[in-house]
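Peer 1: let's see this in three dimensions:
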Amino acid sequence: MKTTAFIGTGRMAAALISCICKSSVSRNIIASDKNNINLARIKKQFKIKTTTDNKEAARNSDIVFICVKPQDIDAVLDEIKDVVKNQLIVSIAAGIRLKHLENKLKNKRIIRVMPNINCIAGEMAAGFSAGKYATKEDIKNVSGILNSAGIAFFMKEDLLDAVTGISGSGPAFFAYFIDAFVKAGVKNGLPRETAFKLACQTALGTGRLLMEKNLSPDKLIAMVASKKGTTIAIMDVLKKHKAKNILIKTIDAAVKRSKELGR
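Peer 2: Alright, predicted model coming up:
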């Protein structure tokens, strides 16, 4: 049975571990962290092996997920580089390019992943790219793990900045809109909890409807908008204020910032 290591046990690592545990793929899992409180939480929650020794976790694994903050990744790579032999290294550190990872770990198989926080709910939307030494089997294995947590697309690394803008930052973007829906609901007499649940369920249902029925957004708008009805009133306001242009600019800003942060 293959063993997967997680170096770093924050929210994203815990979410990925949870999805692996729930999937049909049988894997041993070991997690390492310098924070004993995090380790105790992970061990209690998933009944997996834990250690404070990153080298131990990497040495005894087939796949090593590095789930630390970008500013901490170089220290981790320096720590494990002497014990990394044939292991596949998977980094989820935002902005850390494959070239940088490959410079730190010479001639090693590396995959870079841009996940998103929705992994916690098993609804991740991710993109991932492979380094020059990664194999087709590596890509297949990582794809299986990531898709057990939602959906994931294999792509050229240059496109991961766009993924960062759309799905990496996207949860905050959609939460901002849901908050506006809730405030509007309360303003118009709804209890806050009711407005919140209506807004969240509407967002969830819209996404599912678009995907499951393979509808374009324009087609769904046409299905909802009756002549001189409430939806037309909404669309008129959005068009008047050129809301779509504003929304596109916000994504462009996130993509630009992702490129600036890359190293």
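Peer 1: okay, now Gly165: neighbour count?
Peer 2: Around Gly165 sit 21 other residues, with neighbours defined as other C-beta atoms under 10 Å. Heads up, the C-betas are built off the backbone N, CA and C, glycines and all.
Peer 1: with the one 5 residues further on instead?
Peer 2: Neighbourhood size, Gly170 [other C-beta under 10 Å]: 18.
Peer 1: and if you look at Gln71?
Peer 2: Gln71: 9 surrounding residues under other C-beta under 10 Å.
Peer 1: kindly report the same for the one 5 residues further on.
Peer 2: Neighbours of Val76 under the rule other C-beta under 10 Å: 23.
Peer 1: now do the one 5 residues further on
Peer 2: Look at Lys81: counted by other C-beta under 10 Å, it has 15 neighbours.
Peer 1: with the one 10 residues further on instead?
Peer 2: Residues near Ser91, counting by other C-beta under 10 Å, number 27.
Peer 1: cool, and Ser258?
Peer 2: When neighbours are counted by other C-beta under 10 Å, Ser258 registers 20.
Peer 1: wait, it touches Ser167, no?
Peer 2: No - in this structure, Ser258 is not within contact of Ser167 by C-beta atoms under 8 Å, at 11.7 Å.
Peer 1: all strands for the stretch 51-200 of the chain, in order.
Peer 2: Applying DSSP state E, counting those that start in this stretch to the stretch 51-200 of the chain gives strands spanning 63-66, 88-91, 109-114, 124-130, 150-154.
Peer 1: can I get these in a markdown table including distance to Leu210 and mean pLDDT?
Peer 2: Shown next, in a markdown table, are the strands of the stretch 51-200 of the chain (distance: least, C-beta to C-beta, whole Å; pLDDT from 0 to 100):
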| stretch | distance to Leu210 | mean pLDDT |
| --- | --- | --- |
| strand 63-66 | 31 | 97 |
| strand 88-91 | 30 | 98 |
| strand 109-114 | 22 | 97 |
| strand 124-130 | 13 | 97 |
| strand 150-154 | 13 | 97 |
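Peer 1: residue contacts, Gly8?
Peer 2: Shown in contact with Gly8 (C-beta atoms under 8 Å, 6 or more residues apart in numbering): Ser32, Asp33, Ile66, Cys67, Val68, Lys69, Asp72, Val76.
Peer 1: Ala162 too?
Peer 2: Ala162 neighbours (C-beta under 8 Å, 6+ apart): Val255.
Peer 1: same question, the one 5 residues further on
Peer 2: For Ser167, the contacting residues are Met114, Asn116, Asn118, Ala125, Ala126, Gly127, by C-beta under 8 Å, 6+ apart.
Peer 1: and the residue lying closest to Ser23 once chain neighbours are set aside, backbone torsions?
Peer 2: Nearest residue to Ser23 in three dimensions, chain neighbours excluded: Ser148, at 4.0 Å (C-beta to C-beta, 6 or more residues apart in numbering). Backbone torsions for Ser148, taken as degrees, to the nearest 10, come to phi -70, psi -10.
Peer 1: ok, of the contacts of Gly8, which come out buried?
Peer 2: Neighbour counting over the contacts of Gly8 (16 or more other C-beta atoms under 10 Å) leaves Ser32, Asp33, Ile66, Cys67, Val68, Val76 as the buried ones.
Peer 1: what number of residues lie near Lys2?
Peer 2: 12.
Peer 1: what sits against it?
Peer 2: Lys2 neighbours (C-beta under 8 Å, 6+ apart): Arg27, Asn28, Asp62, Ile63.
Peer 1: which pair in those spans the largest distance?
Peer 2: Asn28 and Ile63 (10.7 Å; C-beta to C-beta).
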